[in-house]
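Colleague: coords please:
(one chain, ligands or ions: 3)
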Amino acid sequence: MQGVGFRPFVYQLVTRHILKGWVCNTSEDVRIDVEGEQAALDQFLVDLESTAPPLAHIESVSAVIEKPVGFESFEILESISEEGKYQLVSPDVATCPACLEEVLSPDDRRYRYPFTNCTNCGPRFTIIEDMPYDRPKTTMRHFKMCPECQQEYDDPLNRRFHAQPNACPRCGPALELVDNKGRTVETKDVLLEASRLLSEGNIVAIKGLGGFLLSCDATSEKAVRLLRERKQRPSKPFAIMLTSLEEVEEHCQVSVLEKQLLTSHQSPIVLLKWKSESTVTKAVAPGLKHLGVMLPYTPMHHVLLRETALPLVMTSGNLSEEPIARDNDEALRRLGGVADYFLLHNRDIYSTYDDSVAIVERDRPQLVRRARGYAPYPIHLPFEAKQVLACGAELKDTFCLTRNDHAFLSQHIGDMENLETLEHFENTIELYKRLFRVQPEIIAYDMHPEYLSTKYAKDLVDESSGVAFVPVQHHHAHIVSCLVDHGLQESVIGVAFDGTGFGMDGCIWGGEFLLTDYKGFERLGHLQYVPLPGGETAIKKPYRMAIGYLLHILGRDSLDDNLPLMQYVDSQETDIIEKQISSGINTPLTSSCGRLFDAVAALVGVRGQVDYEAQAAIELEAIADEGEGGHYPFSIIGQGGVDVVSFGELFTAIITDLKGGVSPEVISARFHNTIAQVVLRMCQSLAGRTGINKVALSGGVFQNRLLLRLTTAALEAAELSVLTHGKVPTNDGGVSLGQAVIANFAEEGRIS
Ligand SMILES: [Zn+2]
Ligand SMILES: [Zn+2]
Ligand SMILES: [Zn+2]
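Modeller: Ligands and ions are numbered 1, 2, ... in the order given. As a prediction, this is how the structure comes out:
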């Protein structure tokens, strides 16, 4: 991987071992030709791998012995561009300790300079237009280095040797503060002025590494509410940025592993347990127990946070679910009605990049959103892949390109529900194809005919002769993504729990037990089918789902006016729902586990309508009384070789609890325990049937940390081994990876 200080490292190593020759970057690898004493050469090879710089990922080293040619010095040669060859591209890297020290030192020439970086940190992927990685192929080409920067850049012993984005206040990019009409705010110190505006309750759009973020004082309920109103985002949680780990500890509980993740060079947002005494307003994440927190990851953030001395909201600079804004003009146009001021700079962003989101569960990090700091570093495949493009699903979409043993899982693209996101998706595919020199021979897509990603794939049929097109079942892709996350290529019992996935029988799947490998799957069981009254409407209005369950399982008499559920609906709508269910019009059947959580959330009165995906289920999880150990009854019924989990007893028992005055907190806990028991009993039975003892858990429902903990504990206690997600998101952000691998192994491509 280029731009990570590898050649200066080689130079220093060569100097130490008194060797002569050259080192050179190519489009594919780093080549080194050295001569010297045998012992020195041997030690050089050992040190090359064992002492490489922190960001250098050495995939493999191969060495051959040749006749000496009598080199007289050691040289670093120009990069060589080779047709068809490719090299890994470094993600953007959070400010390193050495650069931070310079930025905070009044005597340093880079004191408070927002664009300070070196070979160990700074922008990479977001400024790269093509490979090999050299300044003219980045958005830094417009800035000519001053003599001092040039000297650092040319000195193999300097931390900034060949640091392509190297810059200083004399020669590099600069900040500018403007109001929402684009008029310059006259000030001697832009960051000081921006921090003043923030502490006075203004909303400031800040151009960062991968796009604009919207910021405001996270302790001010008024400022946060204003941001919500203007951004049209009533309750979806915002992330915040804090100055230091000490400050994080004031607001959240944070474990050793969580601290490591927060301070890692990827510097993701980490979802932490929120302390009740935190001064961050509840409006930042209404109804939730966890708060998304990150530390400053550029010098600009470090200085701004120190000046402001307040927790700051940092949320994507977009309206609702559009892609994050990238260019100055575009931001002023799109965010002019949201932000009062804009903190701009003149270093262009070539590729937009959201902040990554992670949790620590089961003693390891799990990525919920994989973007800044991670992409486009590939996921390793346990086999040699063909060149495949997989287009993913719909929400939280990513795409995936494969080549050799690399799966280039794209950064989080977003919800493929509008043309702006589709355009971002298409442009990013072209960028990845160019960077990694991939020409897909197979194109994989979801079976759902209405997804924009599916339509995008099918539109390629005409212009792609000789390319195979492979539709992939959504939950098959989920489970395979979990297998690849673990580098495994074998059969498992896959438990895929999510909101929506197009099933082979035309129903909406989402509570699936699948015997799965790369090549195919057999549906061994699922949650019972229930009507989804009004289709999409039922997803936005979970009370419809609850009524659907009750009418379908227990009949109209179960709709007692005293149930908390009935506050959300009048008798007229109930009649409509009943008619939809009996006629089946716009009311598909679903086995979705996400919808089951929605139904229970509405039934106990947690939430009737949602503002963002899975809100009802997330709030149901947040209230669960974790001390409660009870669970509800359910049945497993064999239907022609398929085990179906039936919930009549579950709903009867919840209604009995509600009428008996049992609290929603206890009911929520019992319900979570029940679902863990469902997984346990199904997997035990399927393990007996198949002889397979390994269970893979995937799908968006497993973002529910309580459910994930309960389920893995139950399975492991029964001596089943459990695979959960880590590097690859369990939600639909991982689906494209599964699709790519499945399509790679498909017998022959089918055009459909
Ligand atoms: Zn640095
Ligand atoms: Zn300079
Ligand atoms: Zn899914």
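
Colleague: Secondary structure of I443: a strand, I assume?
Modeller: Yes - assessed with DSSP: H, G, I helix; E, B strand; the rest coil, I443 lies in a strand.

Colleague: wait, what's in contact with it?
Modeller: Taking Cβ atoms under 8 Å, 6 or more residues apart in numbering as the criterion, I443 is in contact with V388, L389, A390, C391, A457, L460, S464, V467, A468, F469, V470, A743. Where you see a C-beta, it was placed from the backbone N, CA and C, and this is true even at glycine.

Colleague: Just list whatever residues bridge to it.
Modeller: L389, F469 (DSSP bridges).

Colleague: Closest to ligand 2 out of the contacts of I443?
Modeller: Using Cβ to the ion, L389 comes nearest to ligand 2 of the contacts of I443, at 40.9 Å.

Colleague: near ligand 3, which residues of this structure?
Modeller: Applying Cβ under 5 Å from the ion, we find that the chain lies next to ligand 3 at D498, D732.

Colleague: before we move on, back to that, now list the buried members of the contacts of I443.
Modeller: Neighbour-count burial (16 or more other Cβ atoms under 10 Å) is assigned, among the contacts of I443, to V388, L389, A390, C391, A457, S464, V467, A468, F469, V470, A743.

Colleague: Hmm, the first one is touching L401, no?
Modeller: Just to be clear, that refers to V388. Yes - taking Cβ atoms under 8 Å as the definition, V388 is a contact partner of L401 at 7.0 Å.

Colleague: shared neighbours, the two?
Modeller: By the contact definition Cβ under 8 Å, 6+ apart, V388 and L401 are jointly contacted by P440, A740.

Colleague: Please tell me how far the residue of the chain found nearest ligand 3 sits from Y445.
Modeller: Of all residues in the chain, D498 sits closest to ligand 3, at 3.7 Å by Cβ to the ion. D498 is 18 Å from Y445, where distance means Cβ to Cβ, to the nearest Å.

Colleague: neighbours of the residue found closest to G122 once you drop the neighbours it is linked to in the chain, just the number please.
Modeller: Setting aside the residues directly before and after it, G122 is nearest to P165 in space (Cβ to Cβ, 6 or more residues apart in numbering), at 5.1 Å. Residues lying near P165 (other Cβ atoms under 10 Å) number 26.

Colleague: how far does stretch 485-494 stretch from start to finish?
Modeller: The first and final residues of stretch 485-494 sit 14 Å from each other (Cα to Cα, to the nearest Å).

Colleague: repeat for stretch 453-469
Modeller: End-to-end distance for stretch 453-469: 13 Å, by Cα to Cα.

Colleague: any weak-confidence spans in the stretch 51-200 of the chain?
Modeller: Applying pLDDT under 70 to the stretch 51-200 of the chain picks out no residues at all.

Colleague: ranges for the helices of it?
Modeller: With helices called from DSSP state H, counting those that start in this stretch, the stretch 51-200 of the chain shows them at 97-104, 147-154, 190-199.

Colleague: quick one, helices of the stretch 651-752 of the chain?
Modeller: Listed in chain order, the helices of the stretch 651-752 of the chain (DSSP H, counting those that start in this stretch) span 664-690, 705-717, 735-745.

Colleague: Which residues belonging to the longest one are considered buried?
Modeller: What it means is helix 664-690. Across helix 664-690, burial judged by 16+ other Cβ under 10 Å covers 664-687.

Colleague: Could you report the neighbour count for H448?
Modeller: When neighbours are defined as other Cβ under 10 Å, H448 has 18 of them.

Colleague: State the distance from it to F143.
Modeller: 46 Å.

Colleague: who's in contact with the residue nearest to G122?
Modeller: Counted by Cβ under 8 Å, 6+ apart, P165 has contacts F115, N117, G122, P123, R124, I127, R135, T138, M140, R347.

Colleague: Save those as CSV, and put in neighbour count too.
Modeller: Output for the contacts of P165, formatted as CSV (neighbours: other Cβ atoms under 10 Å):
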residue, neighbour count
F115, 25
N117, 26
G122, 28
P123, 27
R124, 24
I127, 24
R135, 18
T138, 23
M140, 25
R347, 21
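
Colleague: can you redo the residues you listed as CSV with distance to E628?
Modeller: Shown next, in CSV, are the contacts of P165 (distance: Cβ to Cβ, whole Å):
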residue, distance to E628
F115, 52
N117, 50
G122, 49
P123, 48
R124, 48
I127, 51
R135, 60
T138, 55
M140, 57
R347, 53
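
Colleague: Can you tell me which of those residues is nearest ligand 2?
Modeller: Sorting the contacts of P165 by how near they are to ligand 2, with Cβ to the ion, puts F115 at the top with 10.1 Å.

Colleague: I'd say the closest one and P299 touch.
Modeller: Yes - counting by Cβ under 8 Å, F115 touches P299, with 6.8 Å between them.

Colleague: where along the stretch 101-250 of the chain do the strands fall?
Modeller: Along the stretch 101-250 of the chain, the segments classed as strands by DSSP state E, counting those that start in this stretch run 175-179, 204-207, 212-217, 239-241.

Colleague: other SSEs contacting the shortest one?
Modeller: The one in question is strand 239-241. When contacts are defined as 3 or more Cβ pairs under 8 Å, 6 or more residues apart in numbering; DSSP states H and E, strand 239-241 packs onto strand 290-294, strand 312-316.

Colleague: The first one packs against which elements?
Modeller: By that I understand strand 290-294. Judged by 3+ Cβ pairs under 8 Å, 6+ apart, strand 290-294 is in contact with strand 239-241, helix 245-251, strand 269-274.

Colleague: Using TSV, please lay out these together with distance to P531, mean pLDDT and mean neighbour count.
Modeller: Formatted as TSV, the helices and strands packed on strand 290-294 follow (distance: least, Cβ to Cβ, whole Å; pLDDT from 0 to 100; neighbours: other Cβ atoms under 10 Å):
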stretch	distance to P531	mean pLDDT	mean neighbour count
strand 239-241	37	98	25
helix 245-251	44	98	16
strand 269-274	34	98	23
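
Colleague: Quote the end-to-end distance of stretch 722-738.
Modeller: In stretch 722-738, first residue to last residue: 18 Å (Cα to Cα).

Colleague: my guess is the residue of the chain closest to ligand 3 is in a helix, correct?
Modeller: No - the assignment for D498, made by three-state DSSP, is strand rather than a helix.

Colleague: residues contacting the residue nearest to L177 when sequence neighbours are not counted?
Modeller: Using Cβ to Cβ, 6+ apart and skipping the chain neighbours, the partner closest in space to L177 is V185 (4.4 Å). By Cβ under 8 Å, 6+ apart, the contact list for V185 reads L177, V178, D179, E193, Y341.

Colleague: Count the residues that sit near the residue of the stretch 251-400 of the chain found nearest ligand 1.
Modeller: The minimum distance from the stretch 251-400 of the chain to ligand 1, using Cβ to the ion, falls at P299 (9.2 Å). Look at P299: counted by other Cβ under 10 Å, it has 24 neighbours.

Colleague: Check C171 too.
Modeller: Around C171 sit 15 other residues, with neighbours defined as other Cβ under 10 Å.

Colleague: Which residue is the nearest non-sequential neighbour of it?
Modeller: Take C171 and drop its neighbours on the chain: the residue closest to it by Cβ to Cβ, 6+ apart is C146, 3.8 Å away.

Colleague: right, and that neighbour touches N166 too?
Modeller: No - the criterion here is Cβ under 8 Å, and C146 misses it with N166 at 10.0 Å.

Colleague: Give me the more crowded residue out of these two.
Modeller: With neighbours defined as other Cβ under 10 Å, C146 and N166 compare such that N166 has more, 26 against 14.

Colleague: Perfect, that will be all.
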